[in-house]
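1. Next input, structure requested:
(one chain, ligands or ions: 2)
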Amino acid sequence: MTIVFHYPRGIGYFANVEDLGTQIELVTNAQPPILQVSALRKSFADNHVLKDMTLDITKGEAVTIIGTSGCGKSLFFKCLQGLIAPDSGTILINGQNLRDLTTKERTDYERHRSVLFQYGGLFDSLKVWENICFLQTNLGDMPNEQAREIAVEKLAIVGLAADVCDLYPSDLSGGMQKRVGFARAIANDPEILFLDEPTAGLDPIMSNEICRFISESVSALGATTISISSDLNTVERISDRVAMLHDGHFVWDGPSDQLYSSGNECVHQFVNKLAVGPIAVGV
Ligand SMILES: Nc1ncnc2c1ncn2[C@@H]1O[C@H](COP(=O)(O)OP(=O)(O)O)[C@@H](O)[C@H]1O
Ligand SMILES: [Mg+2]
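-> Ligands and ions are numbered 1, 2, ... in the order given. Prediction:
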């Protein structure tokens, strides 16, 4: 007799129960973690920013990192993207240590991940379409004509007309720049999408629109999303899971619908915007 259990999460294994003459097969439906971070540390002289960071992210999850300004969120992101080397600890991408990737493997990783930078990060001297397909044209993956077509397609997803293609970033409003930044972030149909403060500085209506583009695009792509946001509406709209960074550690990690009932003092202080609590308020 064979009994098959399907588990949503966890490691699948196979066991024989000889005594019962029964064969039990445990099968997992879950994907292995796409990203595994353990004991990550990074300091700048005596500024110990990331002290011991551990986090696993499963393929397809939408995780948002919250924390006060200056606590190390963007730095953590840069380490995950391979832009800054941590002092110690490991970052595994699909089981491979980021530190040990060959140049070719690193380029492959760049092809499959993308970033929406906190301040847009558009190149002033390039037209919108050149910005959107910068990675693909720079890596020699596609001719300009095809890149332009993809730019038009991605602009439509963020609600911008095709003629925006030939404008320069300085011709665009802040909200349009953010949309173009997001169009660039999805231009390579990424497997992992890093979004650093995707709605910072936007009015509430534009913030909602960006959240809608994010949710729709992420479901269409089946991408794993790792975001940073200080805007609680954004956090709730774009995340399945939230991790709070404080004093160099993740002090809480849980479903986004438990953000207001986490039982964690730091999260409680943060989401309720309290001056008093374990987080020192700088002046
Ligand atoms: N390249 C760097 N050199 C020196 N200090 C840095 C560097 N990058 C980040 N830091 C420091 O790390 C801390 C966290 O910065 P950051 O990750 O940008 O914070 P936030 O949580 O607001 O994104 C700050 O004290 C910042 O000054
Ligand atoms: Mg930041």
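
2. quick one: the helices in the stretch 1-150 of the chain?
-> 73-80, 103-112, 128-132, 134-138, 144-157 (DSSP state H, counting those that start in this stretch).

3. Could you do the stretch 151-283 of the chain as well?
-> 174-185, 204-221, 232-238, 265-271.

4. What helices and strands are in contact with the longest one?
-> Secondary-structure packing of helix 204-221 (3 or more CB pairs under 8 Å, 6 or more residues apart in numbering; DSSP states H and E): helix 144-157, helix 174-185, strand 192-196, helix 232-238. Where C-beta positions appear, they are placed from N, C-alpha and C, glycine not excepted.

5. show me where pLDDT drops low in this structure?
-> Residue ranges of the chain with pLDDT under 70: 1-31, 282-283.

6. Which residue ranges make up the domains of it?
-> Using automatic domain parsing, the domain ranges for the chain come out as 1-30, 58-85+93-271.

7. Now render the helices and strands packed on helix 204-221 as TSV, adding mean neighbour count and distance to ligand 1.
-> TSV is the format used below for the helices and strands packed on helix 204-221 (neighbours: other CB atoms under 10 Å; distance: least, CB to the nearest ligand atom, whole Å):
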stretch	mean neighbour count	distance to ligand 1
helix 144-157	17	26
helix 174-185	23	17
strand 192-196	23	8
helix 232-238	19	14
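
8. how about those, which one is nearest residue 60?
-> Nearest to residue 60, of all the helices and strands packed on helix 204-221, is strand 192-196, at 10.5 Å by CB to CB.

9. Remind me what the closest one packs against, helices and strands.
-> Going by 3+ CB pairs under 8 Å, 6+ apart, strand 192-196 lies up against helix 73-80, strand 113-116, helix 204-221, strand 224-228.

10. Repeat the analysis, applying 6 Å as the threshold.
-> With contacts taken as 3 or more CB pairs under 6 Å, 6 or more residues apart in numbering; DSSP states H and E, strand 192-196 sits against helix 73-80, strand 113-116, strand 224-228.
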